[in-house]
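Visitor: Pasting a predicted model and its sequence here:
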Amino acid sequence: MSRHRQVLVTGATGTVGRQVVAQLVEAGASVRALTRVPEAAGLPADVDVVRGDLSDPRTLHTALEGIEAVLLVWPFAEAEGMPTVLEMTARHARRIVYLSSVAVRDHEQQAERLIAQSGLEWTVLRPHVFAANALDWAEQIRSGGVVREPYGAAAAPVVDERDIAAVAVRALIGDGHASAVHELTGPESLTRAEQVRIIGEVTGRPARWEEAAPEAARQQMLARGWPAEAVDGILRAQARMVTDPLPSTDTVEQVTGTPARTFRTWATDHADAFRALRAT
Ligand SMILES: NC(=O)c1ccc[n+]([C@@H]2O[C@H](COP(=O)([O-])OP(=O)(O)OC[C@H]3O[C@@H](n4cnc5c(N)ncnc54)[C@H](OP(=O)(O)O)[C@@H]3O)[C@@H](O)[C@H]2O)c1
């Protein structure tokens, strides 16, 4: 891999981006990280952390100066605004890696199309459900060992963010990924209830699933301020994963030479997040 490349990582403070930054630094690349709040970024000292907002392209000039490759994490539920960001990117960089999704929802489909037409050398990553989504259960598991949600039988080959990042890094600073669409999964399909059981096993404190009505979950998500369209999309996707789970792929191993991490490995490495704090 070419180590000297100057790479801009957007979403650098997020689940995947933070891992991409760490692995790029390890690979010897020169890394610039985009965030709206540099003071709170908590990124390694040798990373050039710059302020910028993807919803306001005028803030991106400094971030793109001297950049050769960009990881694009698009945090919006529509692709509006992306053409301007891509035009600016194409004026500086040669290569773009876009974090899409295996769901390829309307805005992701549109984004993939725009990227393919951008004139940049591109790679699309389509990860499946992130293992890190299990952190959403941490409070319920810490407080009583029971996760009450619908669709415990929904199965997915959940993928570790470190493996998504490992593929992203190859695509950003390696060769042979131009015009590739990489579908990224973990090594095996697990139901949501099985994931909770595994978390219980690795923490040493049993955890179990308790099936809740989809409507109750819907009301809870709406009460948290989530848009109705997104909530319904999540519930529809979970229902589909009960009847129609997607298979795992070996893309992580093909690209990195190392098999994708299991959910058990992810859970072991994050066990503390699920352990109740002991009173001292
Ligand atoms: N979760 C899943 O199961 C799953 C599966 C497949 C695909 N995906 C895709 O993964 C992507 C999210 O990745 P993630 O989970 O790694 O991110 P994340 O942890 O949700 O973090 C969001 C990132 O986006 C940045 N951000 C938010 N608004 C921004 C703005 N206006 N301008 C610039 N940066 C902004 C945040 O940076 P600052 O706050 O520091 O500015 C932060 O780094 C989404 O596109 C999602 O569709 C997720």
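Guide: Nice, I can see it.

Visitor: Look through the stretch 151-280 of the chain and state the residue closest to the ligand.
Guide: Proximity of the stretch 151-280 of the chain to the ligand (C-beta to the nearest ligand atom) peaks at E161, 6.8 Å away. Yep, even glycine has a C-beta here, placed from its N, CA and C like the rest.

Visitor: Flag every buried residue along the longest helix seen in the chain.
Guide: Longest helix of the chain, by residue count under DSSP state H: helix 228-243. By neighbour count on 16 or more other C-beta atoms under 10 Å, the buried set for helix 228-243 is V231, L235, Q238, M241.

Visitor: want to throw these into CSV with pLDDT and distance to the ligand?
Guide: Listed next are the buried residues of helix 228-243 as CSV, based on pLDDT from 0 to 100; distance: C-beta to the nearest ligand atom, whole Å:
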residue, pLDDT, distance to the ligand
V231, 94, 15
L235, 96, 14
Q238, 95, 11
M241, 96, 12
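
Visitor: Pull up the gap between the residue nearest to T123 when sequence neighbours are not counted and T256, please.
Guide: Closest residue in space to T123, ignoring its immediate chain neighbours: A171 at 4.0 Å, by C-beta to C-beta, 6 or more residues apart in numbering. Distance from A171 to T256, counting by C-beta to C-beta, to the nearest Å: 11 Å.

Visitor: Which of the two has more residues huddled nearby?
Guide: A171 (25 against 15; other C-beta atoms under 10 Å).

Visitor: Just the CA atoms of stretch 215-228, as PDB, please.
Guide: The C-alpha trace of stretch 215-228 is given here as PDB (Å, rounded to 0.1, in the frame of the first residue of the first chain):
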ATOM      1  CA  GLU A 215     -45.900  -0.900  17.700                       C
ATOM      2  CA  ALA A 216     -44.500  -0.400  21.200                       C
ATOM      3  CA  ALA A 217     -41.000  -0.100  19.800                       C
ATOM      4  CA  ARG A 218     -42.300   2.300  17.100                       C
ATOM      5  CA  GLN A 219     -43.800   4.600  19.700                       C
ATOM      6  CA  GLN A 220     -40.600   4.600  21.700                       C
ATOM      7  CA  MET A 221     -38.400   5.500  18.800                       C
ATOM      8  CA  LEU A 222     -40.900   8.300  17.700                       C
ATOM      9  CA  ALA A 223     -40.900   9.600  21.300                       C
ATOM     10  CA  ARG A 224     -37.100   9.900  21.100                       C
ATOM     11  CA  GLY A 225     -37.600  12.200  18.100                       C
ATOM     12  CA  TRP A 226     -36.700   9.800  15.300                       C
ATOM     13  CA  PRO A 227     -38.400  10.600  12.000                       C
ATOM     14  CA  ALA A 228     -41.400   8.300  11.300                       C
END
